[in-house]
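S.K.: Pasting the sequence and the predicted model now:
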Amino acid sequence: QKEVEQDPGPLSVPEGAIVSLNCTYSNSAFQYFMWYRQYSRKGPELLMYTYSSGNKEDGRFTAQVDKSSKYISLFIRDSQPSDSATYLCAPEEYGGYNKLIFGAGTRLAVHP
Amino acid sequence: DAGVTQSPTHLIKTRGQQVTLRCSPISGHKSVSWYQQVLGQGPQFIFQYYEKEERGRGNFPDRFSARQFPNYSSELNVNALLLGDSALYLCASSLASSIAKNIQYFGAGTRLSVL
């Protein structure tokens, strides 16, 4: 079993839709949870992060963590064609140094 | 301010050769991490360096090595290349290494093709 599971999609939605992207994880020691966006042939770009359980909102994006069920979500409201990218969830493992444990990424396509 | 810069952007090598990839972190960042991203998968941690010392190593063979220089730039070396080493190699920089919530910022990567 992988430490972080993420449905690779692809997910295709019409412009303006609400998008829900999800990950599950197995390590209960994770405390920080990052979401990165990766456009084709580019490096991952940090979207937002949350600490422990709870919600965090940034513009059209909301990140949610439920540590009791080990479930991570990213919601995108009013999706735009420019949101078309691969979304990577990445909990941070900390043991004297930090490393990110990435999911496989979900490929999202928003069509006009 | 410049972000994380990596060179070269693309590289083609043959099996058995050796390759060196380079990374310059964001100004002021002292920690550099390397990740390997195989097509269709998420990045996988290879190394983290902080203040020229190796702080962490992922599950990669000894063919992979790295170092960090006094100016905090870093090199990743891969010896005896295999076809399976074909991937996007990502460098990430961060302020420090020994704190939680250590935000890592990624470069555009070096795409390595092994023929």
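M.R.: Received the coordinates, thanks. Just so you know, these numbers come straight off a predicted model, no measurement behind them.

S.K.: ok, B:Cys23 - how many residues close by?
M.R.: Residues contacting B:Cys23 under the criterion other Cβ atoms under 10 Å in any protein chain shown number 27. Every residue, glycine included, has its C-beta placed from N, CA and C.

S.K.: Run through the bridge partners of it.
M.R.: Beta-bridge partners of B:Cys23, counted by DSSP bridges, are B:Gln6, B:Ser74.

S.K.: do you know how far it is from A:Thr62?
M.R.: Computed with Cβ to Cβ, to the nearest Å, the distance linking B:Cys23 and A:Thr62 is 33 Å.

S.K.: One more: B:Thr110?
M.R.: Using Cβ to Cβ, one gets 34 Å for the distance from B:Thr110 to A:Thr62.

S.K.: And for B:Cys91?
M.R.: For B:Cys91, the distance to A:Thr62 - Cβ to Cβ - is 30 Å.

S.K.: for A:Leu21, same thing?
M.R.: Taken as Cβ to Cβ, the span from A:Leu21 to A:Thr62 is 11 Å.

S.K.: With B:Leu82 instead?
M.R.: 42 Å.

S.K.: Neighbour count for those two, which is higher?
M.R.: Comparing B:Leu82 with A:Thr62 by other Cβ under 10 Å, the one with more neighbours is A:Thr62, at 18 against 12.

S.K.: phi, psi of the residue of chain B at minimum distance from chain A?
M.R.: Distance from chain A to each residue of chain B (Cβ to the nearest Cβ) is smallest for B:Gly42, at 3.1 Å. Main-chain torsions, B:Gly42, degrees, to the nearest 10: phi -80, psi 160.

S.K.: Which strand residues bridge the residue nearest the centre of chain B?
M.R.: Taking Cα atoms, centre = their mean, the centroid of chain B lies closest to B:Trp34, which sits 2.9 Å from it. Beta-bridge partners for B:Trp34, by DSSP bridges, are B:Phe47, B:Cys91.

S.K.: Now do the contacts for it.
M.R.: For B:Trp34, the contact set (Cβ atoms under 8 Å, 6 or more residues apart in numbering or on different chains) comprises B:23, B:45-48, B:66, B:74, B:76, B:89-92.

S.K.: how about the residue of chain A found nearest chain B, what does it touch?
M.R.: Taking Cβ to the nearest Cβ, chain B has its nearest neighbour within chain A at A:Phe102, 3.1 Å off. Contact analysis of A:Phe102 by Cβ under 8 Å, 6+ apart lists A:4, A:36, A:88-90, B:35, B:42-44.

S.K.: how near is it to B:Gly42?
M.R.: 3 Å.

S.K.: which neighbours do those two share?
M.R.: A:4, A:88, A:90.

S.K.: Output the residues you listed in CSV, with pLDDT, secondary structure and neighbour count appended to each entry.
M.R.: Conversion of the shared contacts of A:Phe102 and B:Gly42 to CSV gives the following (pLDDT from 0 to 100; DSSP: H, G, I helix; E, B strand; the rest coil; neighbours: other Cβ atoms under 10 Å in any protein chain shown):
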residue, pLDDT, secondary structure, neighbour count
A:Val4, 95, strand, 23
A:Leu88, 97, strand, 27
A:Ala90, 96, strand, 27
